[in-house]
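**Q** quick check, what structure comes out for this input:
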Amino acid sequence: MSVLRSVDEPPYAPAIAAGVRLVMPSWAVYPALDPARPAGLSPVVLGSLRGRLGFRGVTVSDAINAGGLEGFGTYAERAVAAARAGMDLILVCSQRVADGQAVVSGLAAALRSGRLDRRAFDAARTRVSDLRHRSG
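**A** Predicted structure coming up:
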């Protein structure tokens, strides 16, 4: 944990203090924080970013269809896991429209069924909307 805090984390505090609006957590696994999930799917990692580090901006995923995530379900299942962990924007980097549609459908179904918290979803939507308005 001390290496993580002394090597990987130091750039965040000045970036957050300077008003960085977006953070893209990686798909790296940080065993000291969450040995079971990559950072972008981890409520522990994203919770630390918002809680302990005080980030109030938008979290954006790397490609939800990245090969390194194959063990974490379908694209839609990965997107739901990312959203449940605290990810605001989910990127689908594919040339197939159906891949993006599957992610949207999966997120919508999770929201309807209660697998995604409505308040957390609304907070993410507000952060993204605020970013869009401030960016012109």
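
**Q** tell me who's in contact with residue 105.
**A** residue 76 (C-beta atoms under 8 Å, 6 or more residues apart in numbering). The way it works is simple: take the backbone N, C-alpha and C, and place the C-beta from them, glycine included.

**Q** for it, helix, strand, or coil?
**A** Three-state assignment for residue 105 (DSSP: H, G, I helix; E, B strand; the rest coil): helix.

**Q** chain center to the strand ranked longest in the chain: distance?
**A** Identified as the longest strand of the chain according to DSSP state E is strand 58-63. From the chain centre to the centre of strand 58-63 is a distance of 5 Å (C-alpha atoms, centre = their mean, to the nearest Å).

**Q** check which helix or strand the residue nearest the centre of the chain maps to.
**A** The centroid of the chain falls nearest to residue 87 when counting by C-alpha atoms, centre = their mean (2.6 Å). For residue 87, there is no helix or strand it lies in under DSSP states H and E.

**Q** over to it: give its phi and psi.
**A** According to degrees, to the nearest 10, the main-chain angles of residue 87 amount to phi -80, psi 130.

**Q** what's the answer for the one 3 residues further on, then?
**A** Reported as degrees, to the nearest 10, the phi and psi values for residue 90 are phi -110, psi 120.

**Q** correct me, but it touches residue 100?
**A** No: contact criterion C-beta atoms under 8 Å: residue 90 and residue 100 do not qualify, at 9.4 Å.

**Q** all helices for the chain, in order.
**A** Taking DSSP state H as the test, the helices found in the chain are 2-3, 12-17, 43-50, 75-85, 97-113, 118-134.

**Q** for residue 90 and residue 100, indicate the residue with more neighbours.
**A** A direct count of neighbours by other C-beta atoms under 10 Å for residue 90 and residue 100 places residue 90 higher, at 24 against 18.

**Q** before I go, just wanted to say thanks for your time.
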